[in-house]
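A.B. asks: coordinates only, no sequence provided:
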């Protein structure tokens, strides 16, 4: 193993660690704002709920191999103008 390559690898690891620390600080700053502002908490809870529903739909679709397992019109009202049509 080359000492120069090892030093370069260490430099990259240090830079990555510093980026992770910076990202964690930014995340904590945002979380602090969310905790302080009750309206933000409601918004975050709503967003997390939407993501969870989307993940559940994706999991059901993956399990059955079809794009959706819900009958037509049974989707969330937030789905917009997209209509799922089975082709097979």
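C.D. replies: On my side now, so go ahead. Because the structure is predicted, anything quoted here is derived from the model rather than measured.
A.B. asks: mean confidence score for the one helix or strand residue 27 maps to?
C.D. replies: Using DSSP states H and E, the element containing residue 27 is helix 3-36. For helix 3-36, the mean pLDDT works out to 93.
A.B. asks: okay, buried residues for that helix please.
C.D. replies: Neighbour-count burial for helix 3-36 flags residue 34 (criterion: 16 or more other Cβ atoms under 10 Å). Quick note: C-beta positions are derived from backbone N, CA and C, even for glycine.
A.B. asks: what sits against residue 33?
C.D. replies: Applying Cβ atoms under 8 Å, 6 or more residues apart in numbering to residue 33 gives the contacts residue 40.
A.B. asks: how close does residue 19 sit to residue 26?
C.D. replies: Here the criterion is Cβ to Cβ, to the nearest Å. By it, residue 19 lies 11 Å from residue 26.
A.B. asks: with residue 17 instead?
C.D. replies: Using Cβ to Cβ, residue 17 is found at 15 Å from residue 26.
A.B. asks: got it, and residue 16?
C.D. replies: 16 Å.
A.B. asks: now swap in residue 81 and tell me
C.D. replies: Residue 81 sits at a distance of 36 Å from residue 26 (criterion: Cβ to Cβ).
A.B. asks: thinking again about what came up before, in the very next helix or strand once past the helix holding residue 27, what counts as buried?
C.D. replies: Where DSSP H and E defines the elements, the next helix or strand beyond helix 3-36 is helix 38-64. For helix 38-64, the neighbour count (16+ other Cβ under 10 Å) marks residue 57 as buried.
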